[in-house]
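In: Here is my input; please provide its structure:
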Amino acid sequence: MADDVGIGDPECYNPGSKIPTPNIDAIAAAGIRFTDAHSPSAVCSPISYGA
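Out: Prediction:
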């Protein structure tokens, strides 16, 4: 779970990214890429609640 990750942050979508994302890159290498996601909440409180 990550808060405020953009499409250009994982290295599998942007080889020039300065953020290491080895787990996301491994999932992408296995053939699964997420290009569209939606949240039913208008604020980030569901993600930030457990922090």
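
In: List the contacts of Pro20.
Out: Pro20 sits next to Glu11 when contact means C-beta atoms under 8 Å, 6 or more residues apart in numbering. To be clear about C-beta, it is placed using only N, CA and C from the backbone, and glycine gets the same treatment.

In: measure it to Glu11 for me?
Out: 7 Å (C-beta to C-beta, to the nearest Å).

In: Over to Ile24: give its phi and psi.
Out: Main-chain torsions, Ile24, degrees, to the nearest 10: phi -60, psi -40.

In: So it is in contact with Cys12, correct?
Out: Yes - using C-beta atoms under 8 Å, Ile24 is in contact with Cys12, at 6.3 Å.

In: which of the two has more neighbours?
Out: Comparing Ile24 with Cys12 by neighbour count (other C-beta atoms under 10 Å), the higher total belongs to Ile24, at 20 against 15.

In: nearest residue to that one other than its sequence neighbours?
Out: In this structure, Ile24 finds its nearest non-sequential neighbour in Pro10, 4.4 Å apart by C-beta to C-beta, 6 or more residues apart in numbering.

In: who are the neighbours in contact with that neighbour?
Out: Pro10 neighbours (C-beta under 8 Å, 6+ apart): Ser17, Ile19, Thr21, Ile24, Asp25, Ala28.
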